[in-house]
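Novice: have a look at this fold, sequence not included:
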């Protein structure tokens, strides 16, 4: 979602409106003195997206509705929401217009539009419940008062583990408490066994191709190059006047090619033979190990047989070693058996290569013969033979190309299915009660989150906060045992900013994530030094610049210097004491 | 001065050969990375496999550990090092196995020839998997690959 512009419409002739305020592609700074109406403007953005909001009375009295225009996947949408206590929201798009009378309905629509899941979660009163706009937006919006005191301050809390569920939702992880858990597990297990089978079949197919078709190492580019070469040779021979010598040259180039192929196969074979030989070496090494063990054991027995050294059988001399030696001996012998089994597989492969080498050698011999004949033959004969051989070669190469294409497709399918399997397994792990089976994607997320929080804490020049961070199962960071609510003032503010920036940054890394903005309503600036805040905003600028995302923040003291892709909104209506963001479009200034 | 013709004649006489070593495939010199795996990590990996419902077979453990490590550690994925074939790794795996048995973290089922984690072993592996450490992450990945290897084998044999 990209925010395009916002406008507040007046209630009647004396009502207040705003200018049409255009969002920056990257940063939008709402800059104005205290009391100039920055907060209502920021609140209106959230309100237009369906967020429940309480305004001051004069806003209800003077403003009629808010119009927000945004873009999702190239499509323009405009939302018009009535500024009143009951929910009434109109949405216009090129294809269809809608009107919504409840947050739930609109949430479902917007979730769908933004590509979020809409899972059945469990409420605090153990009922099924769905996520709402109002539960998810607090991750993208920092309220002026409450937003900076905790990581997540929703307008209401009614879902079990609401914060952690919302984090999981935006990062496409399965919910912690799903109302449809049993159903989900069954369907996931079915999908898993289906994918397992698919993977095994693909692997079999790929292995079969590799063993049947020798030149699997050749890639499409090699084949294309050869095809080009032969086609060119074909053309050359048609236009040449010295057919005979050209045919000989072409034949020689084939001979060179054939020799290269033979060399390649021989190299492969040598490699395999070396490996089989190294098996022998491994066996030897293991046997040496076994022998040494035997010696050790014997030596030990000799020591203990001498009463002069130790008469007590449990004296502890070389304690613990006897058992281990015996075991080692036994297990190492097993390893040799296993190695022998595996050697056979390699020997088969070598046999295969030998056959291929033989075929290539035969081909080389026919080429040599052909070469000799060419030198004796007259022009027309050599022309016919060379052309027919060329046609033959081109035909085979085209067949190879087809096979290779299928092979490549099969391989990329395999990679895709293996990814799919991991995803299914991750989801199953999330539902499972087995603490041994974990959602690996979730562990990765927690690790990244930890590192990013450290990164942003440093940007914000945060002192007195341990970088020994752990992220608990609910995605709440703990700083070397200290919880967030133990921090106060400036430190707390920095910690909250760092966490939000970290979540935002990780969220942006996935291009398919759609809610690409972070809105901050005036962080209490007396609590943070301007230079630290400036560094923070500059770093955010870099982030959104590279990730097609937007930052919107309001400010009173610190003023960010706008660059390309940024917008600054200033109050433009004359007020009694100062300029205001809202006012009458008429000539007379309004009184707040 | 030697002219063109006498140069070639001379070469023929003296049987001088110039060898062209075209397209020699250079085998890159690699560190023998199998040496990276030491007893503690190998021991905990064996323990991990043997706490599963599907117990690893005693005589396959060397190969299995190699395959699991190869498919789980990014650097070894599709590499030419073939950990499953490494002698060093096998010998170390066996040592790790003996260590586990002596310290009563695993038991060998004599009739089935399988490696089973004991109660103490279960406790230890549970602790290893508890935190969000690198170790627990890697072990989780290995465990999943162990499951995949087993399921694929069964499917290949037509059991499933």
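Specialist: Done, it's in. Values in this document were obtained by computation on a predicted structure and should not be read as measured data.
Novice: any part of the host helix or strand of residue B:137 near chain A?
Specialist: Assigned by DSSP states H and E, residue B:137 belongs to helix B:134-157. Yes. Against chain A, helix B:134-157 shows contacts by CB under 8 Å from any CB of the partner chain at B:136, B:137, B:140, B:141, B:143, B:144, B:148, B:151, B:152, B:155, B:156. C-beta: built from backbone N, CA, C; applies to glycine.
Novice: list the contacts of the third one.
Specialist: Contact criterion CB atoms under 8 Å, 6 or more residues apart in numbering or on different chains gives A:437, A:438, A:440, A:443, B:129 as the residues in contact with residue B:140.
Novice: let's go with 10 Å and repeat that
Specialist: Going by CB atoms under 10 Å, 6 or more residues apart in numbering or on different chains, residue B:140 touches A:429, A:436, A:437, A:438, A:439, A:440, A:443, B:48, B:72, B:129.
Novice: next: the first one.
Specialist: When contacts are counted by CB under 10 Å, 6+ apart, residue B:136 touches A:436, A:438, A:443, B:127, B:128, B:129, B:130.
Novice: please apply the same query to the fourth one.
Specialist: For residue B:141, the contact set (CB under 10 Å, 6+ apart) comprises A:422, A:438, A:440, A:443, B:68, B:71, B:72, B:73, B:74.
Novice: the same query, at a cut-off of 7 Å, please.
Specialist: Listed by CB atoms under 7 Å, 6 or more residues apart in numbering or on different chains, the contact partners of residue B:141 are A:440, B:72.
Novice: now it: how far from residue A:283?
Specialist: 31 Å (CB to CB, to the nearest Å).
Novice: so what's the residue count around residue A:447?
Specialist: 15 (other CB atoms under 10 Å in any protein chain shown).
Novice: could you tell me which residues of chain B lie near chain A?
Specialist: B:23, B:25, B:58-60, B:62-63, B:85, B:87, B:90-91, B:94-95, B:97-98, B:101-102, B:126, B:129, B:132, B:137, B:140-141, B:144, B:151-152, B:155-156 (CB under 7 Å from any CB of the partner chain).
Novice: how is residue 64 assigned, secondary-structure-wise?
Specialist: Picked chain A for this. Using DSSP: H, G, I helix; E, B strand; the rest coil, the structure places residue A:64 in strand.
Novice: nearest residue to it in space, ignoring adjacent ones along the chain?
Specialist: Take residue A:64 and drop its neighbours on the chain: the residue closest to it by CB to CB, 6 or more residues apart in numbering or on different chains is residue A:11, 4.1 Å away.
Novice: so what's the residue nearest to residue A:75 when sequence neighbours are not counted bridging to?
Specialist: Using CB to CB, 6+ apart and skipping residues adjacent in sequence, the residue nearest residue A:75 is residue A:93, 6.2 Å away. Beta-bridge partners recorded for residue A:93 (DSSP bridges): residue A:77.
Novice: quick one, which of the contacts of residue B:140 has the minimum pLDDT?
Specialist: Lowest pLDDT among those: residue A:436, with 65.
Novice: still on that earlier bit, so the residue nearest to residue A:75 touches residue A:77, yeah?
Specialist: Yes. Assessed by CB atoms under 7 Å, residue A:93 is found in contact with residue A:77 at 4.9 Å.
Novice: pick out whichever of these two has more residues nearby.
Specialist: Taking neighbours as other CB under 10 Å, residue A:93 and residue A:77 compare with residue A:77 leading, 18 against 14.
Novice: in the stretch 51-200 of chain A, which residue sits closest to chain B?
Specialist: When scored by CB to the nearest CB, the stretch 51-200 of chain A has residue A:200 as its residue closest to chain B, at 4.3 Å.
Novice: how much space separates that residue from residue A:421?
Specialist: Taken as CB to CB, the span from residue A:200 to residue A:421 is 11 Å.
Novice: one more: residue A:78?
Specialist: From residue A:78 to residue A:421 the distance is 43 Å (CB to CB).
Novice: swap in residue A:432?
Specialist: 16 Å.
Novice: look at the two and report which has more neighbours.
Specialist: residue A:421 (20 against 14).
Novice: which residues touch the closest residue to that one other than its chain neighbours?
Specialist: With CB to CB, 6+ apart as the criterion, residue A:421 has its nearest non-adjacent residue at 4.7 Å, and that residue is residue A:195. Contacts for residue A:195 (CB under 7 Å, 6+ apart) come out as A:417, A:420, A:421, A:424.
Novice: quick one: which of those residues sit in helices?
Specialist: Counting by DSSP state H, the contacts of residue A:195 place A:417, A:420, A:421, A:424 in helices.
Novice: and the pLDDT at the first one?
Specialist: Looking at residue A:417, its pLDDT reads 94.
Novice: list the contacts for residue A:251?
Specialist: Residue A:251 touches A:367, A:370, A:371, A:374, counting by CB under 7 Å, 6+ apart.
Novice: who are the packing partners of the helix or strand where the last one lies?
Specialist: Put plainly, it is residue A:374. Here residue A:374 is covered by helix A:321-376, with elements defined by DSSP H and E. Contacts defined by 3 or more CB pairs under 7 Å, 6 or more residues apart in numbering or on different chains; DSSP states H and E place helix A:321-376 against helix A:243-305, helix B:61-72, helix B:87-102.
Novice: try 10 Å
Specialist: Contacts defined by 3 or more CB pairs under 10 Å, 6 or more residues apart in numbering or on different chains; DSSP states H and E place helix A:321-376 against helix A:181-212, helix A:243-305, helix A:379-431, helix B:61-72, helix B:87-102, strand B:106-109.
Novice: circling back: columns secondary structure, distance to residue A:520 and neighbour count on top of the contacts of residue B:140, output as a markdown table?
Specialist: As requested, these are arranged in a markdown table below (DSSP: H, G, I helix; E, B strand; the rest coil; distance: CB to CB, whole Å; neighbours: other CB atoms under 10 Å in any protein chain shown):
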| residue | secondary structure | distance to residue A:520 | neighbour count |
| --- | --- | --- | --- |
| A:429 | helix | 35 | 20 |
| A:436 | coil | 41 | 19 |
| A:437 | coil | 39 | 19 |
| A:438 | coil | 34 | 22 |
| A:439 | coil | 31 | 21 |
| A:440 | helix | 33 | 18 |
| A:443 | helix | 30 | 21 |
| B:48 | helix | 45 | 24 |
| B:72 | helix | 41 | 19 |
| B:129 | helix | 38 | 21 |
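Novice: brilliant, that's me finished.
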